[in-house]
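1. Make a model of this:
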Amino acid sequence: MNLSGVRGDGTTTMTLKGERIYGSFFSQSSFATHALCYERNIVKLPNDAPLYVCAPLGCGIQTGAGTVLNVLKPSTSSTNAISDLLT
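-> Next up is the predicted model:
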C-alpha cells in the first residue's frame with residue numbers, strides 16, 4: 001500500500017490537467033510546502049523544540065522501535081542493547 005502512491009481510499013493527492021499524479025509514497029510529503037495526514041499521525045511539538053532533537057523522531061526512532069517490538073517481540077523482562085554502527 002505504501003508504494004502505490006495513493007491514499008488509503010485509492011485517491012491521489014494531486015492531479016494535472018485531469019490526470020492523476022501518483023505521489024505520497026510511504027504516506028509522506030517530505031518536499032512539500034503542505035502535507036495531508038491523518039490526525040493520529042501528528043505529534044504537536046513546542047515552537048522552541050530543537051529540530052536536531054525532533055528530526056529523528058519521525059522515522060529513525062519509530063522505525064527502530066517498530067522493528068524491535070514487531071520483529072524481535074521482546075518480553076517485558078528482557079533487555080536490549082542497540083548500537084549505532086554509523087558513528
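2. Break the protein down into its structural domains.
-> 1-41, 43-72 (automatic domain parsing).
3. Which residues are in contact with L72?
-> N80 (CB atoms under 8 Å, 6 or more residues apart in numbering). C-beta here means a position set from N, CA and C on the backbone, and glycine is covered the same way.
4. mind listing the helices for the protein?
-> 51-54, 60-67 (DSSP state H).
5. so what secondary structure elements neighbour the first one?
-> I take that to be helix 51-54. Using 3 or more CB pairs under 8 Å, 6 or more residues apart in numbering; DSSP states H and E as the contact test, no helix or strand touches helix 51-54.
6. As CSV, could you dump the C-alpha coordinates of it?
-> This file holds the C-alpha atoms of helix 51-54, laid out as CSV (Å, rounded to 0.1, in the frame of the first residue of the first chain):
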residue,chain,number,x,y,z
LEU,A,51,14.8,20.4,15.3
TYR,A,52,18.0,18.4,15.6
VAL,A,53,16.4,16.6,18.5
CYS,A,54,13.0,16.2,16.9
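7. any idea which of the helices of the chain scores lowest on pLDDT?
-> Mean pLDDT is lowest for helix 60-67 out of the helices of the chain, coming in at a mean of 80.
8. roughly how far is it from the heart of the chain?
-> Distance of helix 60-67 from its chain centroid, counting by CA atoms, centre = their mean, to the nearest Å, is 10 Å.
9. re the thing from before, to L36, which of the helices of the chain lies closest?
-> helix 60-67 (19.1 Å; CB to CB).
10. That closest one - contacts with which helices or strands?
-> Of the remaining helices and strands, none touches helix 60-67 by 3+ CB pairs under 8 Å, 6+ apart.
11. Show residues contacting that helix.
-> Outside helix 60-67, the residues that reach it (CB under 8 Å, 6+ apart) are I82.
12. For this protein, which segments count as strands?
-> Applying DSSP state E to the chain gives strands spanning 14-16, 19-21.
13. Pull out the CA atoms of the lowest-mean-pLDDT helix or strand in the chain and give them to me as CSV.
-> Every helix and strand in the chain was compared by mean pLDDT, DSSP states H and E; the lowest is helix 60-67, with a mean of 80. Output of helix 60-67 as CSV, limited to C-alpha atoms (Å, rounded to 0.1, in the frame of the first residue of the first chain):
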residue,chain,number,x,y,z
GLY,A,60,14.6,6.8,12.8
ILE,A,61,13.3,6.2,16.3
GLN,A,62,9.9,4.9,15.3
THR,A,63,11.3,2.6,12.6
GLY,A,64,13.8,1.2,15.1
ALA,A,65,11.2,0.8,17.8
GLY,A,66,8.8,-0.8,15.4
THR,A,67,11.4,-3.3,14.3
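14. Since that was my last question, I'll sign off now.
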